[in-house]
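Q: coords please:
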Amino acid sequence: MRGFYSRLFIAFAVLLFILLTGLGVVLGQFFHIVDIKADAIVQRKYSLYLFVLIVVTYIISLFFAARIIKHFTKPIDSVAETAEKIASGDYLARTPLVQDAQQDRLALSINQIARNLHEMSIMRGMEKERLKTLIESMGSGLLMFGREGSVNLLNGVFENTFGYTKDELIGKPFKDIGLPTNIEKIIEDVFLTEEAQEKQVKHGQTFLSVYGAPVIGKHGNWLGIIVVLHDITELIRLEEVRKDFVANVSHELRTPITSIKGFTETLLDGAMAEQNVLKEFLEIIQKESNRLQLLVDDLLELSGIEREGFDLHISKVTVAEVIQDAINIVSGKLIRKDMSIEMNDFSQITFEVDRDRLIQVMVNLLSNAINYSKEHTTIRINITESDREVIIEVKDEGIGIKQDELPRLFERFYRVDRARSRESGGTGLGLAIVKHLIEAHGGHVAVESEIGVGTSFFIVLPKGSEK
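A: Residues are numbered from 1 along each chain as shown. This is a model prediction of the structure:
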């Protein structure tokens, strides 16, 4: 774009040329009027002098005019150039000052506009980056549609959930995306009703809570809709666990309560008169009461372990001390089934644990090994250590567990053989308590089993407490 200075200078030059040409014509005619009798040589000299004089005057006038025009128009050209840069997005452009109050007013105004736009650009960039970070950091999938129903925005969670990319979806109508039918129906309902919609849908093995709502501008104008997809698979799983837990607790409590109530009613109906029957029934009632008490105690124990703020009383102990105390507790069961325990030499191994809690863990594991093993068999306890960990293996020669049941073995109330578990007096909470106590120590528990051969439980504990 040609500058204001160039345009004004050209205009002045043309105008001056016209004026001087006209002046020359007038002066040339004046010579003829004054001295008509002058010869041709004088006339030529006069014309030549006149032409030279006009040319010199024209050049001198252009020189001074250029200086004057440049002085007054250069700031305007500079401002115009700066304004063009600002318009093109260069907010760092500035107009130099010329130390003239009137001319600098425009330059100062343009520079202030540039500074304001630069600050606004920075703020807008920061807000845009914050919005992008917020959208990408969301734990939920986000999808935004414009008024015409095409995709304007989506985040990484949505891409990962459905396997799409931004380049594939931006600008596409929602019906061409290929979303599941139930999600597409929610989007369509929001467009039709202009009201928020929320439903739970299943996508493969994932459960999603889909929320769609219209986006309304400040002045009430319709901008489009936004859809948020939150993964609630874990919540659904936890709800199922809760339902199973309530059902299992109810079932486990109902059995002893029904027995106690039934035998008590029988006694009250007249069976107390027979001493043999009375003693037998009272023994059954006592057995069921003990079982009920054991169940309640285990539930309270498990609840206490899972409660926030559960503390361990850590001390340095030897593995041999803990194992021997646990064996002493279950020694009566070993004698009744004529079973034995074999151990490797681990007398020098020490670690930092809650002694009483680890004895409780070992009693649970040894009790299970005894209950699910045949008579005259052997339980083997193998202890190994590394620089940081101690591994305790409890291996029995029992009935074994199917491979597909191993992942659920540490769930509350899960029983491999319900009938046999009930006969052994177990509550179905022992292994759940074991898992929680070992994890509270910063360790983990694992299991290996083979049907008809036996089962091995592995406890891995850090030598130093991680609590």
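Q: which residues in the stretch 51-200 of the chain form strands?
A: Along the stretch 51-200 of the chain, counting by DSSP state E, counting those that start in this stretch, strands occupy 141-146, 151-154, 197-203.
Q: Could you list the buried residues of stretch 248-265?
A: 248-249, 252, 256, 259-260, 263 (16 or more other Cβ atoms under 10 Å). Heads up, the C-betas are built off the backbone N, CA and C, glycines and all.
Q: actually stretch 355-368, sorry about that
A: Result for stretch 355-368 [16+ other Cβ under 10 Å]: buried residues 355, 357-368.
Q: pLDDT of it, averaged?
A: Here stretch 355-368 scores 88 as its mean pLDDT.
Q: And stretch 287-307, by the same measure?
A: On average, stretch 287-307 scores 77.
Q: ok, and what's touching it?
A: Stretch 287-307 is contacted from outside by 249, 252-253, 256-257, 259-260, 310, 412, 425, 427, 429-430, 432-433, 436-437, 440, using Cβ atoms under 8 Å, 6 or more residues apart in numbering.
Q: Take it, keep the C-alpha atoms, and write them as PDB.
A: The C-alpha coordinates for stretch 287-307 follow below in PDB (Å, rounded to 0.1, in the frame of the first residue of the first chain):
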ATOM      1  CA  LYS A 287     -22.900 -74.300  68.600                       C
ATOM      2  CA  GLU A 288     -25.100 -72.000  66.400                       C
ATOM      3  CA  SER A 289     -24.700 -69.200  69.000                       C
ATOM      4  CA  ASN A 290     -21.000 -69.600  68.800                       C
ATOM      5  CA  ARG A 291     -21.100 -69.500  65.100                       C
ATOM      6  CA  LEU A 292     -23.300 -66.400  65.200                       C
ATOM      7  CA  GLN A 293     -20.900 -64.700  67.600                       C
ATOM      8  CA  LEU A 294     -17.900 -65.700  65.400                       C
ATOM      9  CA  LEU A 295     -19.700 -64.200  62.300                       C
ATOM     10  CA  VAL A 296     -20.500 -60.900  64.100                       C
ATOM     11  CA  ASP A 297     -16.900 -60.700  65.500                       C
ATOM     12  CA  ASP A 298     -15.400 -61.200  62.000                       C
ATOM     13  CA  LEU A 299     -17.800 -58.600  60.600                       C
ATOM     14  CA  LEU A 300     -16.700 -56.100  63.200                       C
ATOM     15  CA  GLU A 301     -13.100 -57.000  62.700                       C
ATOM     16  CA  LEU A 302     -13.300 -56.500  58.900                       C
ATOM     17  CA  SER A 303     -15.200 -53.300  59.400                       C
ATOM     18  CA  GLY A 304     -12.500 -52.000  61.800                       C
ATOM     19  CA  ILE A 305      -9.700 -52.900  59.400                       C
ATOM     20  CA  GLU A 306     -11.300 -51.100  56.400                       C
ATOM     21  CA  ARG A 307     -12.200 -48.100  58.500                       C
END
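Q: looking at the strands of the stretch 51-200 of the chain, which is closest to N160?
A: Comparing the strands of the stretch 51-200 of the chain by their distance to N160 (Cβ to Cβ), the top pick is strand 141-146, with 8.2 Å.
Q: Give me the sheet partners of that closest one and which way each runs.
A: Strand 141-146 has the following sheet partners, assigned by DSSP bridges: strand 151-154 (antiparallel), strand 222-231 (antiparallel).
Q: Make CSV from those strands and add distance to I327, mean pLDDT and mean neighbour count to it.
A: Shown next, in CSV, are the strands paired with strand 141-146 (distance: least, Cβ to Cβ, whole Å; pLDDT from 0 to 100; neighbours: other Cβ atoms under 10 Å):
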stretch, distance to I327, mean pLDDT, mean neighbour count
strand 151-154, 61, 85, 20
strand 222-231, 47, 87, 19
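Q: that older thread, from the buried residues of stretch 248-265, which ones fall inside strands?
A: Using DSSP state E, the subset of the buried residues of stretch 248-265 located in strands is empty.
Q: Sort out for me which of those are in helices.
A: Counting by DSSP state H, the part of those found in helices is 248-249, 252, 256, 259-260, 263.
Q: Need those residues in a markdown table (columns: pLDDT and distance to I170).
A: Formatted as a markdown table, those follow (pLDDT from 0 to 100; distance: Cβ to Cβ, whole Å):
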| residue | pLDDT | distance to I170 |
| --- | --- | --- |
| N248 | 74 | 50 |
| V249 | 76 | 52 |
| E252 | 73 | 56 |
| P256 | 81 | 63 |
| S259 | 83 | 67 |
| I260 | 85 | 68 |
| F263 | 82 | 73 |
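Q: mind putting these in CSV, distance to G89 included?
A: CSV is the format used below for these (distance: Cβ to Cβ, whole Å):
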residue, distance to G89
N248, 67
V249, 68
E252, 72
P256, 80
S259, 84
I260, 85
F263, 90
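Q: and the two most separated of the buried residues of stretch 248-265?
A: Farthest pair in the buried residues of stretch 248-265, by Cβ to Cβ: N248 and F263, 23.8 Å.
Q: In the host helix or strand of A213, which residues are buried?
A: If you go by DSSP states H and E, A213 is part of strand 206-216. Residues of strand 206-216 classed as buried under the neighbour-count rule (16+ other Cβ under 10 Å) are 207-212, 214.
Q: Return the member of those nearest to T233.
A: F207 (4.8 Å).
Q: show me the residues around P173 that make contact.
A: 148-150 are the contacts of P173 under Cβ under 8 Å, 6+ apart.
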